[in-house]
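*Asks:* Give me a 3D structure for the following:
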Amino acid sequence: MYEYGWFFVQEIAKMKGQMTMMNPVSVMTSGPTQFQSAYLVCTDIIQASYALLLAAMAAPGTSKLVNYKYIFRRFPDIVEQFNRLGAKIEIVED
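*Replies:* Model prediction:
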């Protein structure tokens, strides 16, 4: 895995997530975690961006995700699907 692939660990830390880098290829999480809303930057690694979206939905308040378009490569209808389940996701074009 490339080093920038771990960028999402820093983003989760912004939300007060508890993650520890164990070695260059693994990370350990601790919980339960009361995530906090935050301004998050997604990466082109789809699963990492998806994890940020899930964490943002678990946090109280409003989180903002930027550079999120990569998620749509794997999950083209994700906004509609989560909103049907009760999430409040809004796409805001900057």
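*Asks:* Quick check: residue 41 touching residue 66?
*Replies:* Yes: counting by C-beta atoms under 8 Å, residue 66 is a contact partner of residue 41 at 5.5 Å. Where C-beta positions appear, they are placed from N, C-alpha and C, glycine not excepted.
*Asks:* Which residue of the two possesses the greater neighbour count?
*Replies:* residue 41 (16 against 11; other C-beta atoms under 10 Å).
*Asks:* Now do the top helix by length along the chain: which elements does it pack against?
*Replies:* When the chain is parsed with DSSP state H, its longest helix is helix 46-58. Counting contacts by 3 or more C-beta pairs under 8 Å, 6 or more residues apart in numbering; DSSP states H and E, helix 46-58 is packed against helix 7-14, strand 64-66, helix 71-74.
*Asks:* What residues of the next helix or strand after the longest one count as buried?
*Replies:* Elements were assigned by DSSP states H and E; along the chain past helix 7-14, the next helix or strand is strand 18-23. Applying a neighbour-count criterion of 16 or more other C-beta atoms under 10 Å, the buried positions in strand 18-23 are residue 19.
*Asks:* Just want the angle from strand 18-23 to helix 7-14.
*Replies:* Interaxial angle of strand 18-23 relative to helix 7-14 (axes from the mean of the first three to the mean of the last three C-alpha atoms, to 10 degrees): 150 degrees.
*Asks:* neighbouring strands for strand 18-23, and are they parallel or not?
*Replies:* strand 26-30 (antiparallel) (DSSP bridges).
*Asks:* so how far is the partner strand off the chain centroid?
*Replies:* Offset of strand 26-30 from its chain centre (C-alpha atoms, centre = their mean, to the nearest Å): 15 Å.
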